[in-house]
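**Student:** Please find the sequence and the predicted model below.
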Amino acid sequence: MHAGQIVSVRDSGHETNSSKLSIMYSSFKPLSNPYLPHTAGRYQVKRFRKASCPIVERLVNSLMMHGRNNGKKLMAMTIVQHMFEILYLLTDQNPVDVLVDAIINAGPREDSTRIGRAGTVRRQAVDVSPLRKVNQAIYFICTGARESAFRSGKTISECLADEVLNASKGSSNSYAIKKKDEIERVAKSNR
């Protein structure tokens, strides 16, 4: 499989495991140009429209954060492409399957929210919606990669590949898995 194609091999059912995808609230339908994670869609216009945004494009968009990276989508797409190449070399699996596993494992199932009663504020454990679970998993994966790449000798692509690989295995070396466990532990104490 050519490296340029790996970035976008995310849609057709014969290339990704559809049983995993049924768990996730996300888009895996084929587009007119399946080779680029750049649909130029307006996914923030309506409330749940971002659920129809392809999962690889959502990863690319969440890499464009923290001021100096705003708007640099080509750079983010290059990072994701290199990350997929590294994952393919390390695992010999479809890297999109590895990414899907990482997102499934890194999404918190339970969270806590603030409930105010009679002037006192206490925290109450709540279940996390499927869309928020995917959102937080992508955010945690990107944040972990960004923090590990900052002031280190590794590139952001290598750090993102490590983060996705560790999250897909459920390893506690992953920032996303640590954050998920922390959130679920706090929620359990607030039941």
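**Tutor:** Alright, I've got the coordinates. Numbering: from 1, shown residues only.
**Student:** mind listing the strands for this structure?
**Tutor:** With DSSP state E, the ranges of strands along the chain come out as 110-117, 120-127.
**Student:** quick one: average pLDDT of the first one?
**Tutor:** Going back to what we said before, that points to strand 110-117. Confidence for strand 110-117, expressed as mean pLDDT, is 87.
**Student:** can you give me the angle it makes with strand 120-127?
**Tutor:** Counting by axes from the mean of the first three to the mean of the last three CA atoms, to 10 degrees, strand 110-117 points 150 degrees away from the direction of strand 120-127.
**Student:** By average pLDDT, which secondary structure element in the protein comes out worst?
**Tutor:** One helix or strand of the chain scores below all others by mean pLDDT, DSSP states H and E: helix 3-6, with a mean of 45.
**Student:** Using TSV, lay out the strands of the chain together with mean neighbour count.
**Tutor:** Where you see a C-beta, it was placed from the backbone N, CA and C, and this is true even at glycine. As requested, the strands of the chain are exported to TSV (neighbours: other CB atoms under 10 Å):
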stretch	mean neighbour count
strand 110-117	13
strand 120-127	12
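**Student:** For the most centrally placed residue in the chain, which non-adjacent residue is closest in space?
**Tutor:** With the centre of the chain defined as its mean C-alpha position, the nearest residue by CA atoms, centre = their mean is I138, 2.3 Å away. Counting by CB to CB, 6 or more residues apart in numbering, I138 lies nearest to S62, which is 5.1 Å off, once chain neighbours are set aside.
**Student:** hang on, that neighbour packs against A145?
**Tutor:** No - the pair S62 / A145 is not scored as a contact, 10.2 Å apart, by CB atoms under 8 Å.
**Student:** and those two? which has more neighbours close in?
**Tutor:** For the pair S62 and A145, the greater number of neighbours falls to A145 (26 against 17), based on other CB atoms under 10 Å.
**Student:** In contact with the residue nearest to that one when sequence neighbours are not counted, which residues are there?
**Tutor:** The spatially closest residue to A145, leaving aside those adjacent along the chain, is L160, at 3.9 Å (CB to CB, 6+ apart). By CB atoms under 8 Å, 6 or more residues apart in numbering, the contact list for L160 reads 63, 79-80, 83, 141-142, 145, 149.
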